[in-house]
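Participant: below are the sequence and a predicted model for it; my questions follow.
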Amino acid sequence: MPSTSLARPIASLRFAHQMTASLAKDFTDEQACHQPSATDNHLVWSLGHLAATYAWMLSTMNHKGGVPESFNTHFGWGSKPAVKGKDCPALSEVRAQFESEFERFVTTIEGMSEAQLAQPLTGTTFAKDALEMVDRAAWHEGWHAGQIASLRRHLAMPGVMG
């Protein structure tokens, strides 16, 4: 049973994740590495980056993520999207990692006690403890959802919020 202090942060994170998944769901393989400009993040990079970031967040709590090492290279901190899809990983693989790392992160957090949620994190100043990391994760997911929404507009895809 998740901690009572987790109810709202987890709900916010799940909302942000569902929005990202909704925005990303109907991209085709041909659209997945579309970049309006070389400085824009494409869908594959955004989803891969979120997966790599969830794995990194788990590592700050001394838990192991499940992304392949190549995800850290392609999508981790300091990486840049493959320009115009050059060497762009398969959308299906990236989607699967995006979903599995999100679930791994949420399941790990929900299994923590109040004391574990309040323990200082290692190797980061991004969040002071696991509870704050959930808030940061929701913000981060929302940030990239906005980038995906911009890609949808550029590709003349319909909105997802009505």
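Facilitator: Sure, I can see it.

Participant: going by C-alpha atoms from here, please, whenever you check contacts or count neighbours.
Facilitator: Noted.

Participant: pLDDT below threshold where in the chain?
Facilitator: Counting by pLDDT under 70, the chain has low-confidence residues at 1-4, 83-86, 162.

Participant: for it, what's the longest helix?
Facilitator: Across the chain, the helix with the greatest residue count (assigned by DSSP state H) is helix 130-154.

Participant: for the residue most central in space within the chain, phi and psi?
Facilitator: In the chain, the C-alpha nearest the mean C-alpha coordinate belongs to L50, at 2.3 Å (Cα atoms, centre = their mean). Main-chain dihedrals, L50, degrees, to the nearest 10: phi -60, psi -40.

Participant: find the nearest non-adjacent residue to it, please.
Facilitator: Distances taken as Cα to Cα, 6 or more residues apart in numbering place F98 nearest to L50, at 6.4 Å, with adjacent residues excluded.

Participant: tell me the contacts of that neighbour?
Facilitator: F98 makes contact with L47, G48, L50, A51, according to Cα atoms under 8 Å, 6 or more residues apart in numbering.

Participant: which one (most neighbours) among the residues you listed?
Facilitator: Counting neighbours by other Cα atoms under 10 Å, A51 comes out on top of the contacts of F98 with 29 neighbours.

Participant: okay, that one and R95: tell me how far apart.
Facilitator: 9 Å (Cα to Cα, to the nearest Å).

Participant: circling back: test my guess that the residue nearest to the centre of the chain contacts E141.
Facilitator: Yes. The criterion here is Cα atoms under 8 Å, and L50 meets it with E141 at 6.9 Å.

Participant: state the number of residues packed around H42.
Facilitator: With other Cα under 10 Å as criterion, H42 counts 27.

Participant: that one against H34, yeah?
Facilitator: Yes. Between H42 and H34 there is a contact under Cα under 8 Å: 5.6 Å.
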